[in-house]
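A.B. asks: What follows is a predicted protein model with its sequence.
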Amino acid sequence: MRREEVRYEVVVVGGGLAGVCAAIAAARLGRRVALVQNRPVLGGNSSSEIRVWVCGATAQGAQRYARETGIMGELYTENQYRNPEGNPYYWDQVVLDAVLAEPLLDLYLNTEVHEVDATGPADARTVRSVTGWMTGSERRITFSAPYFLDCTGDGLVGFLAGARYRIGREARDEFGESWAPLAADDELLGSTILFYTKDVGRPVRFVPPSYAKDLSTTPVLRNRVLRTGDNGCAYWWIEWGGELDTVHDNERIRDELHAVIMGIWDHIKNSGEFEADRLTLEWVGSLPGKREYRRFVGDHVLTERDVLEQRQFPDRVAFGGWSIDLHPVKGVYAEEPGARQRHPDGVFHIPLRCLYSVNVTNLLFAGRNISASHVAFGATRVMATCATLGEAAGTAAALCVEQRLSPRELATTRADLLSRTLLRQDASVVGLTAADPADLARSAVVSASSTLDTLRAEPDPDTVEPYPLTSDVGVLLPVDPRLDTVAFLASCDEPGGTGLTVELWSTGLPENAVPVERLDRVTVAVPGGDPSWVTARFDHQRRDPAVPEQVVVVVRAEPRVRLRLVPHRSDGALMLVHRPVEQPEDGLTHEAEGQRLLEWSARELRRRSLCFRTTPATSAFAPDKAVGGYARTYGGPQMWSSASVADPSLMREWLRLDWDDVRDLRTVHLVFDDDVDEYLNNLHLHRCPFDVIPELVRDYRLQAEDADGIWHTLADVHDNRRRHRVHRFEGPHPVRARALRLAVDGTHGAPRAHVVAVRAYADPRA
């Protein structure tokens with residue numbers, strides 16, 4: 001046996017997406033990091049070994065402007081470019097490449113941590129080291145560090161260290177949760193194994209193994225939907241083990257799930273109910289994808305109310321948007337639907353106090369083991385959200401090393417430092433502004449070659465089409481600084497015309513995109529005959545000048561009226577269609593009452609727009625939005641947009657920062673628009689039509705004007721595919737600049753240049 005001892009500044013145990021993002025985040029902040037993974041591949045449940053698709057705050061496209069940025073965003077967009085077919089093996093390589101790109105990060109695959117050296121009293125323990133066995137190499141490795149992250153999912157490191165944890169469901173009265181049981185119990189969400197099928201072009205038989213489950217003896221055939229040709233992810237409901245111990249009974253759970261899969265496949269192939277002659281099993285997982293086990297206790301326990309009320313936290317470090325998604329304990333054998341879901345109106349926030357142990361001073365965690373009640377965990381457990389928690393925890397660990405703070409001290413006394421750092425990284429936080437004293441861009445005067453100052457979608461004679469107003473429709477618009485009138489291009493089928501009800505609704509919170517509170521209602525006359533512009537007047541001014549605001553203009557259904565639709569989007573606006581909440585056929589059930597997010601869908605009119613006009617001119621795309629700090633949609637687009645150009649490849653737009661004297665520059669951050677409203681998925685359960693998002697800036701030059709008025713090109717970039725670009729100037733002297741100019745020479749297809757953020761620093765480490 002080979003015994004080794006290694007020392008790092010941060011040790012991350014667990015190589016799922018939470019651990020991967022935690023390790024990358026800490027390494028990018030200059031810390032020496034070990035990433036220890038017990039499997040031969042990274043990605044956890046998303047890996048080619050298990051193949052669960054990566055869900056997150058977008059809630060499969062239901063939430064608006066909610067796709068994760070930061071490291072998870074990089075993985076999404078890189079996979080979209082490299083892997084448009086959704087090959088799970090290519091996804092493995094995307095994740096692995098991201099880890100190998102970090103020079104301060106050492107990766108230890110096939111290394112199972114089974115020992116933890118922790119000392120101190122029960123209420124203030126400290127982890128000194130963890131020890132793992134590297135399978136196949138006969139190496140016993142001890143990892144020492146001042147800070148550790150448990151991203152194992154099951155929480156093995158924290159358990160061995162003596163960290164407080166919970167398993168099972170809390171009683172309803174503990175946190176006042178309506179979805180909790182009356183009495184606490186040990187019930188869990190079960191585990192799942194997925195399978196893939198393939199059409200081989202000729203008949204192929206299937207002889208079931210002796211252990212295949214006879215589905216006629218189960219509730220499966222009457223309670224679940226079986227189909228051929230589905231992506232394996234569609235069988236997420238092949239779930240079992242919630243009544244057992246999902247760790248200690250893992251092998252029993254695996255065997256039962258395999259029996260169920262063989263029974264399902266036997267039924268599809270041999271029952272005669274399906275056209276499946278040419279189908280064969282291409283792949284069946286051998287590892288159960290676990291959903292739930294230990295949840296550690298932090299200084300805050302996230303609850304149902306935190307999620308549904310979208311509570312704001314001073315130390316918020318990430319957001320989620322997935323529904324509270326709870327499954328029956330009997331899993332595939334349950335008589336009730338496979339999942340019960342409740343969505344908040346928009347994204348919800350997660351504080352740092354949920355990401356460290358209440359009684360182990362140097363232990364953080366991220367993933368499905370964070371400090372949350374069982375009910376709230378139903379919304380935080382999905383992998384893209386776990387990844388953002390990983391980036392937040394890794395960032396926190398790096399700052400704790402640098403500042404010599406405990407995680408608790410960072411959360412309670414230096415939350416501002418953590419927020420600034422996360423925003424510099426373009427991490428997934430909403431509603432925070434980068435009040436960063438080191439950012440020189442904040443003191444600059446910002447100007448641009450042109451600015452989009454209108455919110456409208458004009459008809460195109462070649463592509464405009466009638467849109468029957470058989471359902472209520474809505475248009476989400478920013479109020480910057482006011483919204484006086486909204487006009488729609490409409491016609492009436494009756495010669496005498498008719499009245500049309502138009503309403504103005506608040507979204508409740510700036511991070512929301514659904515109508516919550518009605519502010520005004522008017523009736524406008526739609527004449528008969530040819531289409532004409534009909535105008536609703538609201539004279540609405542932003543209610544709080546300090547808080548960004550969006551509203552939804554709702555046009556009530558009127559079957560005699562037809563609006564007009566064009567096949568392109570209108571920047572700054574989002575089209576919504578009202579539909580009753582219907583119970584889906586995929587084993588889910590939604591609470592019909594108050595599910596605004598499901599009632600108002602943006603999918604039907606995705607990248608299309610009703611013809612509309614607004615007054616007055618808007619400041620929603622003003623040049624100074626690029627230094628305003630929000631860095632993603634929040635009460636409006638929060639970016640600079642140029643005016644339109646006919647040919648995006650011939651774009652010559654610029655954004656300029658001027659200072660009153662010469663500044664020393666060492667680092668410039670650029671954040672471009674990659675349309676976080678576009679739903680991406682690693683295995684392409686949903687197929688995005690773009691390899692690269694059209695709004696993303698493709699070609700640009702970064703230029704500086706020196707004290708003599710001479711412009712120098714600092715960077716000339718072509719074929720950019722990244723949302724967040726960092727330019728560091730490593731020479732012996734800083735760049736001396738009295739002005740900085742970002743020249744945009746082309747996008748990936750959009751007619752306008754979008755710049756979300758420009759940040760400039762004298763510190764090369766920024």
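C.D. replies: Ah, there it is. Predicted model only: the values in this text are computed from it and were never measured.

A.B. asks: what's the spacing between D249 and L257?
C.D. replies: 12 Å (CB to CB, to the nearest Å). (C-beta placed from N, C-alpha, C; glycine too.)

A.B. asks: So for those two, which sits in the more crowded spot?
C.D. replies: L257 (27 against 14; other CB atoms under 10 Å).

A.B. asks: Next, the buried residues of the helix or strand harbouring that one.
C.D. replies: Under the criterion of DSSP states H and E, L257 resides in helix 250-270. Neighbour-count burial for helix 250-270, counted by 16 or more other CB atoms under 10 Å, picks out 250, 253-254, 256-269.

A.B. asks: Just the buried positions in the strand or helix carrying V502, please.
C.D. replies: Using DSSP H and E, V502 sits in strand 498-506. The neighbour-count check on strand 498-506 (16+ other CB under 10 Å) flags T498, L500, V502, E503, L504, W505, S506 as buried.

A.B. asks: Give the next helix or strand downstream of the host helix or strand of R698.
C.D. replies: Using DSSP H and E, the element containing R698 is strand 697-705. Helices and strands here follow DSSP H and E; after strand 697-705, the next one along the chain is strand 711-717.

A.B. asks: And the helix or strand just after that next one, what's buried?
C.D. replies: Proceeding N to C from strand 711-717, the next assigned helix or strand is strand 724-728, under DSSP H and E. Buried residues in strand 724-728, counted by 16+ other CB under 10 Å: H724, R725, V726, H727.

A.B. asks: Apart from its neighbours in sequence, what residue is nearest the third one?
C.D. replies: This points to V726. Nearest residue to V726, sequence neighbours excluded (CB to CB, 6 or more residues apart in numbering): H669, at 5.4 Å.

A.B. asks: how near is the spatially closest residue to E458 that is not a sequence neighbour to A457?
C.D. replies: Leaving aside its sequence neighbours, E458 sits nearest to C611 (CB to CB, 6+ apart; 6.6 Å). Going from C611 to A457 by CB to CB gives 5 Å.

A.B. asks: Between those two, which contacts overlap?
C.D. replies: With contacts defined as CB atoms under 8 Å, 6 or more residues apart in numbering, the residues shared by C611 and A457 are V566.

A.B. asks: M134 against H114, yeah?
C.D. replies: No: using CB atoms under 8 Å, M134 is not in contact with H114, being 11.6 Å away.

A.B. asks: So these two - more neighbours on which side?
C.D. replies: M134 (18 against 14).

A.B. asks: need the contact list for the spatially closest residue to the more buried one that is not a sequence neighbour.
C.D. replies: Using CB to CB, 6+ apart and skipping the chain neighbours, the partner closest in space to M134 is T111 (4.6 Å). T111 makes contacts with V36, Q37, N38, G132, W133, M134, T135, I141, as judged by CB under 8 Å, 6+ apart.

A.B. asks: do P459 as well
C.D. replies: Contacts of P459 by CB under 8 Å, 6+ apart are L489, P531, R564, V566, C611.

A.B. asks: Go ahead and confirm the first one touches C611.
C.D. replies: Yes: under the criterion of CB under 8 Å, L489 makes contact with C611 at 3.9 Å.

A.B. asks: Please enumerate the shared neighbours of the two.
C.D. replies: Residues touching both L489 and C611 (CB under 8 Å, 6+ apart): P459, L563, R564.

A.B. asks: Validate this expectation: the first one resides in a helix.
C.D. replies: I take that to be P459. No: according to DSSP: H, G, I helix; E, B strand; the rest coil, P459 belongs to no helix; its state is coil.

A.B. asks: And for the nearest residue to it once chain neighbours are set aside, the neighbour number?
C.D. replies: Excluding its sequence neighbours, the residue lying closest to P459 (CB to CB, 6+ apart) is C611, at 4.9 Å. Residues near C611, counting by other CB under 10 Å, number 22.

A.B. asks: Strands of the stretch 651-766 of the chain, residue ranges please.
C.D. replies: 653-665, 667-672, 697-705, 711-717, 724-728, 735-747, 754-761 (DSSP state E, counting those that start in this stretch).

A.B. asks: In the protein, where is pLDDT below threshold?
C.D. replies: 583-587, 590-594, 685 (pLDDT under 70).

A.B. asks: Give me the residues contacting stretch 430-438.
C.D. replies: The contact list for stretch 430-438 (CB under 8 Å, 6+ apart) reads 312, 316, 319, 347, 349, 416, 419-420, 422-424, 442, 510-511, 628-632, 634, 757, 759, 761-763, 766.

A.B. asks: Can you tell me the element G629 falls in?
C.D. replies: Using DSSP H and E, no helix or strand contains G629.

A.B. asks: And the contacts of T111, which is closest to E604?
C.D. replies: Nearest to E604 out of the contacts of T111 is Q37 (CB to CB; 41.6 Å).

A.B. asks: and stretch 15-35, which residues are buried?
C.D. replies: The neighbour-count check on stretch 15-35 (16+ other CB under 10 Å) flags 15-29, 31-35 as buried.

A.B. asks: Which stretches in the stretch 201-350 of the chain count as helices?
C.D. replies: 220-223, 250-270, 304-308 (DSSP state H, counting those that start in this stretch).

A.B. asks: would a markdown table of those with distance to M1 be doable?
C.D. replies: What follows is the helices of the stretch 201-350 of the chain, written out as a markdown table (distance: least, CB to CB, whole Å):
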| stretch | distance to M1 |
| --- | --- |
| helix 220-223 | 47 |
| helix 250-270 | 26 |
| helix 304-308 | 47 |
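
A.B. asks: shouldn't V247 be in contact with Y293?
C.D. replies: Yes: the pair V247 and Y293 passes the contact test of CB under 8 Å, sitting 5.6 Å apart.

A.B. asks: Look up the residues that both of those two are in contact with.
C.D. replies: Common neighbours of V247 and Y293 (CB under 8 Å, 6+ apart) are D154.
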